[in-house]
Every structure is written in structure tokens, then in C-alpha cells.
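Colleague: Take a look and give me a structure for this.
(chains A and B)
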Amino acid sequence: MNFEAIVFYMFAALIVFAALGVITARNPVHAVLFLVLAFISSAGIWLLLEAEFLAIALVLVYVGAVMVLFLFVVMMLDINLVRLREGFWRWLPFGAGLAGLMAFEMIWVLGSEKSAGSAVAVRHAADYSNTKVLGRLLYTEYVYPFEIAAVILLVAMVAAIALTLRRRKDAKSQVVADQIAVKKADRLRIVPMKSARNDQ
Amino acid sequence: MNMDLMTNLMPASPEIFLLVMTCVILIADSLIKQSGRLITYMLVQLTLMVCALITVGTHQNGVAHVFHNMFVDDLMSDVLKLLTYLSVSMMLVYSRQYLTVRDLFSGEFMVLTLFATLGMMVMISANHFITLYLGLELLSLSLYAAVALQRDSAIATEAAMKYFILGALASGLLLYGMSMLYGATGSLQLDAVSRSIHSGTANNTLLVFGLVFVVSGLAFKLGVVPFHMWLPDVYHGAPTAMTMLIGSAPKLAAFAFVSRLLVTGLQPLVQHWSGMLIILAIASMALGNITAIAQTNLKRMLAYSTIAHMGFLLLGFISGDQEGYGSAMFYAVVYVLMTLGSFGMIMMLSRVGFEADNLSDFKGLNQRSPWLAFLMLLLMFSMAGVPPTVGFYAKFSVLNAVVQSGHVWLAVVAVLFSLIGAFYYLRIVKLMYFDAPESHEPIIFGQDTTLLMSLNGVGLLLLGLLPGTLMSVCAVSVQQSLLLH
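Modeller: Numbering: from 1, shown residues only, chains lettered A, B, ... in the order given. Below you'll find the predicted structure:
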């Protein structure tokens, strides 16, 4: 077993451990942190495949932005752990039985043939740039799905605004145009008063 | 270079036009002051009409593959796209008044509808696992948001939540299956996958393993047993207009999805997937038809009837020949027309603060409005598959294909469950004609809705009397588009 294989198995084991942690952690904050670990380990495996750009994007976008946001949400929500755990033991035998059955079937089917997944990753020269290849593919061969993915993001934006923007009828707000266009007569009222001297 | 670009863009011009117009409408809606969103509504209808003209205008004989074989333009895609525009346009006519009185007829709703339409078109023209998946996500994401638009209703929010979570699970299953197929064949392109399987170089175990996940994902999206749990809750919980949006045109896209994926991509595995589809179809017809009897809510009843109909639709695929696929396409088209009519009827009988979605709301409809009662009778007869209506021919052509492929017992089972199903459709007819009405509120609706409903109901009867044209359109488009190896 060479060094590369050792690194691969280490990362793979970390992913499995972290994924188990996500679903078994009692505290949702811990679960999110386990998910971060799983993402970083996956990024490590992508690095092994010479996909540096994807690995860095995964860390930057998922770990740096999405999961931090997620962590904020989890910390802000008042999650009742007792209620979350309700029915855990009642459904455990059913769920575990089903999961065991599926795992058994998958091992049985995929383990019966040795040839499955024995492809070897292609090695590239030192000046090979994964980012360049990825960019070229994305804007030539995959331009159609790339555009559709952009439309999906637009839909997500429209949906998010439509679902959260709530115009309240009783809300008070400033009308800047009216404020600027205001005249002296609108604000100032001159009240004629007798001066004190006249009284004397 | 320029010619090359044009040949690439021409077949996709309806999609491009729709996307541009959707963005224009999105901006125009927020800038133009209007009452009742009339201008936006007219723009949307105009867009759909122009899309139809472009689709007809750019039609060419034969099959065109563009965008590095990711996009396919053939007769089936053109026919299905035209029907999609038609059913989305009908959906908007039916739901305008219903949504306006509920303060839901917003620009966002129409924009999301157009995005969903774009998603369906992408699915219909997909020739690649990635475009299939992205089209499906574009459609689903728009539908999730449309269901959740009624934010003050707890039941609609719950429906959107269930739809979203189970939809995400289904997408996961589908993607996992697709990645397995990619691993086995080394290609994401549907015809290349098919060639690779056909040549026998692919690992068969891995293929079947991936196929199980793909079929499960498809079953989730179609809502067939045992992946149907989301469907009754979503149909019931969503505002009726959104239910109509989910239940109508997306079924055409679903037909395209199944035929592209299973026939264009995985036809060499037909003996594997037809076995799975038989189980799904029988379970759906049994559960859908029997559970529908116990429902008192019409939307819920129609949801279970959808499950049964989707099971019936899958029967068209199990024969594994072009006649079967053609009959499945005919069934999908007819089903969409019936769904539009029956949800349209619920919306016509509803008024401010009142949903006519209980069976008892249809009591004595004949005394309140004989014409509407007659149209509803046609719709229910068609759903049940009673002879003069087109529903009969749809069922008949599917059964014919099933019998010809040698599964006589399956046809017998399907007929038995259809007979059980006829009970709950005919119960509505009984309620309308033989029971006393519970309310005497006048039924008020616009002339456009009445006209469309009349056309819809009578159309089902006329198509039933003269089913030949539509049937041959379906048969020919399947023959030209789904090439078997």
C-alpha cells in the first residue's frame, strides 16, 4: 500500500466517521460541526484526484459560507432536544431493520462481482491545470446545463424574496422624495402675536 | 462559426424566448402599476402563445441533437411542448378569479409558473442525465415555492414542507442511481449509455443496482405506490390553483422524463425495469382506487385517483414496444385534460372564504347549474373510463398494448381496479343529480372560465367520439422520437 492509498483510506474513514456523527450527535451544533469535518475530508479526496479547484471551492463555499450560516441558524433556534428525541426508541427497531436490510442487499449485490469500480485515476503532467480544463468544459460543452443552473439560482432568489418579503400595512417608513420636496409653508406656521411692549 | 451557432440555437429558441420573456415579466410586473395584475396576465398568455408559434415554426422533420448532444428536438418534444403551453395557459385562465379573491394572484405566482414551464421544456428535450436532472429541479423548485406562496395558511406551508423534503429525497435517489449508471457505462448521455449497455461492455450488476435507484426516484416524482405519501397531503394542502399546476402539465413532462430515461437511455435493460414497473403499477392502482373510496374531500380523492392513474400510465411502458409508449403518451395527454377540468370545477364552485372541495359541496349541483353538472358528469365519466368519453379510449389503448405484449393477467387486474375506481367517480354524479343541494349560493364566474370549461368538458366527449387524430399523433411522435436498438 503506497502513501496515496493510505491518505485515501484515512480521508474515507474520516468521512464515514463524520457522517455517522452528523446523524447520531445529540447536540445539533455538534452535528453541524461533524458535517464540516465531512466536507473537509471530501475536499481532501478531491485533492487526491487532482481536482484542486473543486476542493478549494468546496471548502470556501460550503465550509466557509453555507455551514457557518447554518451554524448561526442552529444556534439562534430554540431547539427542544427532548421533543426531537421523542419516538426515537419506538422507531429504532424498524429503522435499524430497514437500514440493515438495505446495507445487506447492497453489500450482497456489489460484493458478488470483483470487477466493480476498479478503474484507476489518470495521472497528469506537472503543468496540468484542472481549473483551466474545468472552465473550458463549463463554457463550451456544458454551456446549456450551466445556463439552466443559473436559471435555477434565479428561481431560488425569486422564491426566497416572494416567501419572505412581507409588506405590512401598519409599518411606518420614510418617503424621502416627500421629505426633500417639503416647503417652508408645510412645516412652519407664523402666529402673529402682540408684542409685550404694546401692553404697557 | 455563425452558422454553427444558429443551428445550435434554433431548436432551443422556444426555451430561450420563454426565459427572456420571464425575466422581462419579472421586471415589468414590479414597475407597471396595474389593477388585478391584468397586464402581467396578458403578457404571460401572449408569451405562451408566441412560444407555441416558435415551436411550430422551428419544427423540422427528423431528430436534431444540439448543444453537444445534450438537447434533443424531435416530434415528440414539439408535441409535448405544445400541449404543455396549452395546459399552463388553461391553468392560468381557470385560476385567475380563484386566486384574485384570495389575494394570491401575484406577479411572483405567474413568474414561478413560467419558470416551471421552462423546467418542463428542458425535461422534455433532455438527452443527457444532467439536463434531465436540472430540468426536474427547475420545475420542482418553482412548484415548491408556488405551494408555499399562501404563507398565512398553516396547511399550505405544511404541504410545501412535505413536498420539498420528500422531493429532495427523491432527487438524491435519482442522482445516486445516475452516478451508478455513469460508473457502469462511462457516459452521461442517454443514447451513449444505451449503446454502451447494448454492446455488453458495461458491468451488469452495477447497472441494475443503479436502475433500482433511478426507478425509485422516478416513482417518487410520479407519486406511485410505495412512494406516494407526499401526494395526498400536497394536493389537499396547496391552494387549488397550485394543485392544478402540480397535477396537470408536469405529468406530460413526467411522461417525457420516464420515456427519455428508460427508453432512450435504458431500453436494453427493459426486462429488468418492466418487472419493477409492473409491481409499482399494480400497487398504485390497488391503493389509489381503494383509498379514494374512503375520502370525503374531493381534492384528496383526486390525489388518490392520480396515484391510480399514474399506475395505469406505467402499464403502457411495461410492454416495451412503441405501441405501448404511444398509448402511455395518449393516456398522459388525456389525463392532463381531465385533471384541468376537475380542479377547474372546484375553483369555479369556490368563492370568497369558501372552498368547494368537499364531496357534499357538489350535492344537487344539477339544480343550481345544470350545464356545470353536465360538464362535471363528462369529466367524471372520462376519469372512470365510461365509453363515449375519451377516458375510455385512453384506458383501452393502454390495455390493448398490455394484452399484445402477453400480460393478459395484468390487463384483467387493471380492469378490476378500474371498476373499483368507477364507484367513487360515479358517486359524484349521484350526488349532483339525485341529492338535494346544501347551499343555494349563486355560482359566479367570468365568461372566459365558462367558455373554457365548456370546451374542456365537451372536448373530452368529442375526443372520445373521434380519438383517431390525437392517437395517431401520439403514435407517430413516439415512433419518430423513441428509436429502439
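Colleague: Can you pull out the low-pLDDT segments for chain A?
Modeller: A:1, A:80-82, A:84-85, A:112-121, A:197-200 (pLDDT under 70).
Colleague: Residue numbers of it in contact with chain B?
Modeller: Counting by CB under 8 Å from any CB of the partner chain, the residues of chain A lying close to chain B are A:106, A:109-110, A:112-113, A:115-117, A:140-145, A:148-149, A:151-152, A:154-156, A:158-159, A:161-163, A:166. C-beta: built from backbone N, CA, C; applies to glycine.
Colleague: Would you list the phi and psi of residue B:465?
Modeller: When read as degrees, to the nearest 10, the backbone of residue B:465 gives phi -80, psi -40.
Colleague: the bottom helix or strand of chain B by mean pLDDT?
Modeller: helix B:2-9 (a mean of 74; mean pLDDT, DSSP states H and E).
Colleague: Say whether chain A is contacted by that helix.
Modeller: No: residues of helix B:2-9 are not located near chain A by CB under 8 Å from any CB, the shortest gap being 9.1 Å.
Colleague: Which members of the residues of chain A next to chain B occur in helices, if any?
Modeller: Those of those mapping onto helices are A:106, A:109-110, A:143-145, A:148-149, A:151-152, A:154-156, A:158-159, A:161-163, per DSSP state H.
Colleague: Please list only the buried members of those residues.
Modeller: A:144, A:145, A:148, A:149, A:151, A:152, A:154, A:155, A:158, A:159, A:162, A:163 (16 or more other CB atoms under 10 Å in any protein chain shown).
Colleague: residues in contact with the nearest residue to the fourth one once chain neighbours are set aside?
Modeller: Okay, so that is residue A:149. Of all residues not flanking residue A:149 in the chain, residue B:134 sits nearest, at 6.2 Å (CB to CB, 6 or more residues apart in numbering or on different chains). By CB atoms under 8 Å, 6 or more residues apart in numbering or on different chains, the contact set of residue B:134 is A:145, A:148, A:149, A:152, B:122.
Colleague: Just flag the most distant two among the residues you listed.
Modeller: A:149 and B:122 (11.0 Å; CB to CB).
Colleague: Tell me what angle the helix ranked longest in chain B forms with helix A:143-164.
Modeller: Counting residues, the longest helix found in chain B (DSSP H) is helix B:154-185. Using axes from the mean of the first three to the mean of the last three CA atoms, to 10 degrees, the direction of helix B:154-185 lies 160 degrees away from that of helix A:143-164.
Colleague: how near is residue B:395 to residue B:311?
Modeller: 12 Å (CB to CB, to the nearest Å).
Colleague: where does residue 135 fall, helix, sheet strand or coil?
Modeller: If you meant another chain, say so; for now it's chain A. helix (DSSP: H, G, I helix; E, B strand; the rest coil).
Colleague: try chain B instead
Modeller: Under three-state DSSP, residue B:135 comes out as helix.
Colleague: Who's the closest spatial neighbour of it, skipping the chain neighbours?
Modeller: Here the residue nearest residue B:135, using CB to CB, 6+ apart, is residue B:122, at 3.2 Å.
Colleague: rewinding a little: ok, residue B:395 and residue B:311, which is more surrounded?
Modeller: residue B:311 (27 against 22; other CB atoms under 10 Å in any protein chain shown).
Colleague: which residues touch that one?
Modeller: B:224, B:225, B:280, B:281, B:282, B:283, B:284, B:285, B:288.
Colleague: hmm, 6 Å instead?
Modeller: B:224, B:281, B:284, B:285 (CB atoms under 6 Å, 6 or more residues apart in numbering or on different chains).
Colleague: Restricted to helices, list those.
Modeller: When the contacts of residue B:311 are checked against helices (DSSP H), the matches are B:281, B:284, B:285.
Colleague: Let's have those in a markdown table, adding distance to chain A.
Modeller: Converted to a markdown table, those look like this (distance: CB to the nearest CB, whole Å):
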| residue | distance to chain A |
| --- | --- |
| B:281 | 23 |
| B:284 | 21 |
| B:285 | 25 |
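Colleague: Which one (most neighbours) among these?
Modeller: For those, neighbours tallied by other CB under 10 Å; top is residue B:284, 30 neighbours.
Colleague: Test my guess that that one contacts residue B:224.
Modeller: Yes: in this structure, residue B:284 is within contact of residue B:224 by CB atoms under 6 Å, at 4.2 Å.
Colleague: Give me the residues contacting the one helix or strand residue B:463 maps to.
Modeller: Element membership of residue B:463, judged by DSSP states H and E, is helix B:447-465. Residues outside helix B:447-465 that contact it (CB under 6 Å, 6+ apart): B:93, B:341, B:344, B:375, B:378, B:382, B:388, B:389, B:390.
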